[in-house]
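J.: quick one, fold the following:
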Amino acid sequence: MRRRKPAAVAPAPVPFSPGAARAHRAGLGLTPEQVAEGMAAHGVRLLPGHVSAWEDGVLHPGEAELVALARALWCPVAGLMDGRPASLRDHRLARELGPETVAERVGMALPDYRRAELTGEWDGDPDRTHALAQVLGLRLTELVEATGRGEALDRLLRQCVSGRWQPQLRPIARLVPVSEADLAAVLPVLHQEHHVPTHWGTTAHPRTAAPPLTPRFWHLLSTRALAIPV
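T.: Numbers count the residues shown, from 1 in each chain. Prediction:
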(Lines give C-alpha, C1' and ligand atoms only; values in the text may rest on other atoms or scores of the structure.)
Protein backbone atom coordinates (compact mmCIF):
# COMPACT_ATOMS: atom_id res chain seq x y z
CA MET A 1 0.00 0.00 0.00
CA ARG A 2 1.45 3.34 -1.07
CA ARG A 3 1.79 6.09 1.46
CA ARG A 4 0.11 9.31 0.64
CA LYS A 5 2.37 12.29 0.27
CA PRO A 6 1.66 15.07 2.78
CA ALA A 7 -0.39 17.85 1.28
CA ALA A 8 1.74 20.74 0.09
CA VAL A 9 1.43 23.95 2.08
CA ALA A 10 0.24 26.75 -0.18
CA PRO A 11 1.95 30.09 0.36
CA ALA A 12 -0.24 32.81 1.79
CA PRO A 13 -1.17 35.67 -0.57
CA VAL A 14 1.26 38.54 -0.67
CA PRO A 15 0.11 41.16 1.87
CA PHE A 16 -1.24 44.02 -0.24
CA SER A 17 -3.29 47.14 0.40
CA PRO A 18 -5.29 48.28 -2.66
CA GLY A 19 -6.01 51.60 -0.96
CA ALA A 20 -2.34 52.28 -0.31
CA ALA A 21 -1.45 51.54 -3.94
CA ARG A 22 -4.18 53.88 -5.17
CA ALA A 23 -3.12 56.61 -2.75
CA HIS A 24 0.54 56.41 -3.77
CA ARG A 25 -0.34 56.53 -7.47
CA ALA A 26 -2.72 59.47 -6.99
CA GLY A 27 -0.14 61.28 -4.88
CA LEU A 28 2.33 61.08 -7.76
CA GLY A 29 -0.30 62.09 -10.30
CA LEU A 30 0.28 58.93 -12.37
CA THR A 31 -2.17 57.03 -14.53
CA PRO A 32 -2.40 53.21 -14.50
CA GLU A 33 -0.73 53.30 -17.92
CA GLN A 34 2.24 55.22 -16.54
CA VAL A 35 2.53 52.85 -13.59
CA ALA A 36 2.54 49.88 -15.96
CA GLU A 37 5.31 51.54 -17.96
CA GLY A 38 7.29 52.13 -14.78
CA MET A 39 6.92 48.50 -13.78
CA ALA A 40 8.13 47.39 -17.21
CA ALA A 41 11.34 49.32 -16.58
CA HIS A 42 11.82 47.03 -13.55
CA GLY A 43 11.28 43.83 -15.52
CA VAL A 44 7.55 43.23 -14.99
CA ARG A 45 5.37 43.74 -18.06
CA LEU A 46 1.61 43.80 -17.74
CA LEU A 47 -1.46 45.71 -18.91
CA PRO A 48 -2.65 48.91 -17.21
CA GLY A 49 -5.82 46.99 -16.42
CA HIS A 50 -3.85 44.90 -13.95
CA VAL A 51 -2.90 48.02 -12.01
CA SER A 52 -6.54 49.09 -11.86
CA ALA A 53 -7.63 45.57 -10.86
CA TRP A 54 -5.14 45.58 -7.98
CA GLU A 55 -6.43 48.93 -6.76
CA ASP A 56 -10.02 47.63 -6.97
CA GLY A 57 -9.11 44.47 -5.07
CA VAL A 58 -10.11 42.25 -8.00
CA LEU A 59 -6.61 40.87 -8.56
CA HIS A 60 -3.69 40.36 -6.19
CA PRO A 61 -0.05 41.03 -7.14
CA GLY A 62 2.60 38.37 -6.74
CA GLU A 63 5.99 38.94 -5.11
CA ALA A 64 7.82 40.22 -8.20
CA GLU A 65 4.83 42.37 -9.15
CA LEU A 66 4.61 43.93 -5.69
CA VAL A 67 8.30 44.85 -5.69
CA ALA A 68 8.10 46.32 -9.21
CA LEU A 69 4.94 48.24 -8.27
CA ALA A 70 6.64 49.74 -5.22
CA ARG A 71 9.59 50.83 -7.35
CA ALA A 72 7.30 52.35 -9.97
CA LEU A 73 5.49 54.27 -7.22
CA TRP A 74 8.72 55.35 -5.52
CA CYS A 75 7.71 53.90 -2.17
CA PRO A 76 8.98 51.08 0.08
CA VAL A 77 7.37 47.68 -0.39
CA ALA A 78 6.14 47.84 3.22
CA GLY A 79 4.18 50.95 2.24
CA LEU A 80 1.99 48.81 -0.02
CA MET A 81 1.44 46.04 2.50
CA ASP A 82 -1.83 45.55 4.32
CA GLY A 83 -0.43 46.07 7.82
CA ARG A 84 3.11 45.85 9.12
CA PRO A 85 5.40 42.98 8.05
CA ALA A 86 4.91 40.01 10.37
CA SER A 87 6.08 36.79 8.71
CA LEU A 88 9.52 35.89 7.36
CA ARG A 89 8.18 36.28 3.82
CA ASP A 90 6.75 39.73 4.65
CA HIS A 91 10.05 40.97 6.08
CA ARG A 92 11.98 39.50 3.15
CA LEU A 93 9.72 41.30 0.69
CA ALA A 94 10.03 44.53 2.64
CA ARG A 95 13.81 44.30 2.11
CA GLU A 96 13.26 43.43 -1.59
CA LEU A 97 15.20 40.20 -1.25
CA GLY A 98 14.61 36.85 -2.94
CA PRO A 99 14.49 33.61 -0.92
CA GLU A 100 17.71 32.48 -2.61
CA THR A 101 19.57 35.53 -1.32
CA VAL A 102 18.35 35.10 2.25
CA ALA A 103 19.10 31.38 2.29
CA GLU A 104 22.63 31.99 1.03
CA ARG A 105 23.35 34.77 3.52
CA VAL A 106 22.18 32.77 6.53
CA GLY A 107 23.98 29.62 5.36
CA MET A 108 20.88 27.50 4.88
CA ALA A 109 19.77 25.22 2.06
CA LEU A 110 17.14 26.92 -0.08
CA PRO A 111 14.48 24.18 0.41
CA ASP A 112 14.90 24.47 4.18
CA TYR A 113 14.47 28.23 4.09
CA ARG A 114 11.44 28.00 1.81
CA ARG A 115 9.92 25.50 4.24
CA ALA A 116 10.47 27.91 7.12
CA GLU A 117 8.62 30.63 5.24
CA LEU A 118 5.73 28.35 4.33
CA THR A 119 5.25 26.83 7.77
CA GLY A 120 6.24 29.81 9.91
CA GLU A 121 8.51 27.51 11.92
CA TRP A 122 12.23 28.26 12.14
CA ASP A 123 14.67 25.66 13.43
CA GLY A 124 17.96 27.34 12.60
CA ASP A 125 20.80 27.25 15.14
CA PRO A 126 21.74 30.43 17.08
CA ASP A 127 24.30 31.53 14.48
CA ARG A 128 21.82 31.23 11.61
CA THR A 129 19.11 32.89 13.68
CA HIS A 130 21.43 35.80 14.38
CA ALA A 131 22.32 36.00 10.69
CA LEU A 132 18.62 35.95 9.78
CA ALA A 133 17.96 38.95 12.01
CA GLN A 134 20.84 40.83 10.38
CA VAL A 135 19.82 40.01 6.81
CA LEU A 136 16.17 40.95 7.30
CA GLY A 137 16.87 43.86 9.63
CA LEU A 138 14.75 42.37 12.43
CA ARG A 139 14.53 43.50 16.00
CA LEU A 140 14.39 40.73 18.60
CA THR A 141 10.64 41.09 19.06
CA GLU A 142 10.09 40.90 15.29
CA LEU A 143 12.43 37.93 15.02
CA VAL A 144 10.60 35.90 17.66
CA GLU A 145 7.25 36.72 16.05
CA ALA A 146 8.38 35.95 12.48
CA THR A 147 9.99 32.63 13.45
CA GLY A 148 6.93 31.38 15.30
CA ARG A 149 8.68 31.27 18.68
CA GLY A 150 6.37 33.56 20.63
CA GLU A 151 4.28 30.87 22.33
CA ALA A 152 7.33 28.83 23.28
CA LEU A 153 9.01 31.90 24.78
CA ASP A 154 5.90 32.78 26.78
CA ARG A 155 5.69 29.22 28.11
CA LEU A 156 9.35 29.23 29.22
CA LEU A 157 8.97 32.61 30.91
CA ARG A 158 6.00 31.29 32.87
CA GLN A 159 8.12 28.37 34.00
CA CYS A 160 10.81 30.85 35.09
CA VAL A 161 8.49 32.63 37.49
CA SER A 162 6.58 29.57 38.68
CA GLY A 163 9.74 27.68 39.63
CA ARG A 164 13.49 28.12 39.25
CA TRP A 165 14.67 30.34 36.40
CA GLN A 166 18.08 28.66 35.94
CA PRO A 167 16.82 25.55 34.07
CA GLN A 168 15.06 27.80 31.52
CA LEU A 169 18.12 29.88 30.66
CA ARG A 170 19.51 27.72 27.85
CA PRO A 171 16.12 26.88 26.31
CA ILE A 172 15.33 30.61 26.15
CA ALA A 173 18.78 31.29 24.66
CA ARG A 174 17.90 28.89 21.84
CA LEU A 175 14.80 30.96 21.07
CA VAL A 176 16.23 34.45 21.56
CA PRO A 177 19.71 35.05 20.08
CA VAL A 178 21.28 36.91 23.00
CA SER A 179 24.08 35.82 25.31
CA GLU A 180 23.38 33.66 28.32
CA ALA A 181 25.03 36.38 30.41
CA ASP A 182 22.36 38.87 29.34
CA LEU A 183 19.60 36.39 30.09
CA ALA A 184 21.17 35.57 33.45
CA ALA A 185 20.89 39.28 34.31
CA VAL A 186 17.25 39.56 33.24
CA LEU A 187 15.56 36.33 34.31
CA PRO A 188 16.28 36.65 38.07
CA VAL A 189 14.68 40.11 38.03
CA LEU A 190 11.62 38.77 36.26
CA HIS A 191 11.41 35.91 38.75
CA GLN A 192 11.75 38.23 41.75
CA GLU A 193 9.13 40.67 40.52
CA HIS A 194 6.56 37.90 40.33
CA HIS A 195 7.35 36.62 43.80
CA VAL A 196 7.71 39.85 45.79
CA PRO A 197 4.39 41.73 45.88
CA THR A 198 5.84 44.80 47.56
CA HIS A 199 8.21 45.40 44.64
CA TRP A 200 5.46 47.41 42.96
CA GLY A 201 4.37 49.16 46.16
CA THR A 202 1.30 47.03 46.75
CA THR A 203 0.32 44.10 48.88
CA ALA A 204 -1.74 42.53 46.11
CA HIS A 205 -1.18 38.97 44.96
CA PRO A 206 2.08 38.62 42.95
CA ARG A 207 0.20 37.58 39.82
CA THR A 208 -1.77 40.82 39.82
CA ALA A 209 1.05 43.02 41.10
CA ALA A 210 3.60 42.22 38.40
CA PRO A 211 3.23 43.24 34.74
CA PRO A 212 2.67 40.75 31.88
CA LEU A 213 5.66 38.48 31.47
CA THR A 214 6.68 38.79 27.83
CA PRO A 215 6.47 42.60 27.52
CA ARG A 216 8.34 42.94 30.81
CA PHE A 217 10.99 40.47 29.60
CA TRP A 218 11.55 42.57 26.47
CA HIS A 219 11.72 45.76 28.53
CA LEU A 220 14.33 44.32 30.86
CA LEU A 221 16.32 42.96 27.94
CA SER A 222 16.23 46.36 26.22
CA THR A 223 18.36 47.79 29.04
CA ARG A 224 21.25 45.53 28.03
CA ALA A 225 23.83 46.31 25.33
CA LEU A 226 22.69 43.83 22.69
CA ALA A 227 23.96 43.12 19.19
CA ILE A 228 20.34 42.92 18.00
CA PRO A 229 18.05 45.61 19.44
CA VAL A 230 14.78 44.69 21.13
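J.: ok, how many other residues are close to the closest residue to Leu47 other than its chain neighbours?
T.: Nearest non-adjacent residue to Leu47, counting by Cβ to Cβ, 6 or more residues apart in numbering: Ala36, 6.6 Å away. Any C-beta I mention is one placed from the backbone N, CA and C, and that applies to glycine too. Ala36 has 22 neighbours, counted by other Cβ atoms under 10 Å.
J.: next one: Leu213
T.: 18.
J.: that one touches Arg155, doesn't it?
T.: No. Assessed by Cβ atoms under 8 Å, Leu213 is found out of contact with Arg155, at 10.0 Å.
J.: now the one helix or strand Trp218 maps to, how far from the chain's geometric center?
T.: Using DSSP states H and E, Trp218 sits in helix 213-222. Between the centre of helix 213-222 and the centre of its chain there are 18 Å (Cα atoms, centre = their mean, to the nearest Å).
J.: tell me the contacts of Gly46?
T.: For residue 46 the amino acid is Leu, not Gly. For Leu46, the contacting residues are Ala36, Met39, Glu65, by Cβ atoms under 8 Å, 6 or more residues apart in numbering.
J.: er, Val186 actually
T.: Phe217, Leu220, Leu221, Arg224.
J.: by neighbours, which of those residues wins?
T.: The residue in those with the most neighbours, by other Cβ under 10 Å, is Phe217 (24 neighbours).
J.: how close does it sit to Glu121?
T.: From Phe217 over to Glu121 the distance is 21 Å, taken as Cβ to Cβ, to the nearest Å.
J.: which residues are contacting the helix holding Trp218?
T.: Contacting residues not belonging to helix 213-222 are listed as 140-141, 150, 153-154, 157-158, 161, 176, 178, 182, 186, 189-190, 193-194, 210, 229-230 [Cβ under 8 Å, 6+ apart].
J.: which of those fall in helices?
T.: Among the contacts of helix 213-222, the ones falling in helices (DSSP state H) are 140-141, 150, 153-154, 157-158, 161, 182, 186, 189-190, 193.
J.: of these, which is the most crowded?
T.: Counting by other Cβ under 10 Å, top hit in the ones in helices among the contacts of helix 213-222: Val186 with 24 neighbours.
J.: if we ignore the residues flanking it in sequence, what's nearest Arg174?
T.: Pro126 (6.8 Å).
J.: got a list of what the residue nearest to Leu47 touches?
T.: Going by Cβ under 8 Å, 6+ apart, the list of residues near Ala36 reads Arg45, Leu46, Leu47, Pro48, His50, Val51.
J.: wait, isn't the last one in contact with Glu37?
T.: No. Between Val51 and Glu37 there is no contact under Cβ under 8 Å: 10.2 Å.
J.: tell me the angle of the helix holding Trp218 relative to helix 150-162?
T.: 80 degrees (axes from the mean of the first three to the mean of the last three Cα atoms, to 10 degrees).
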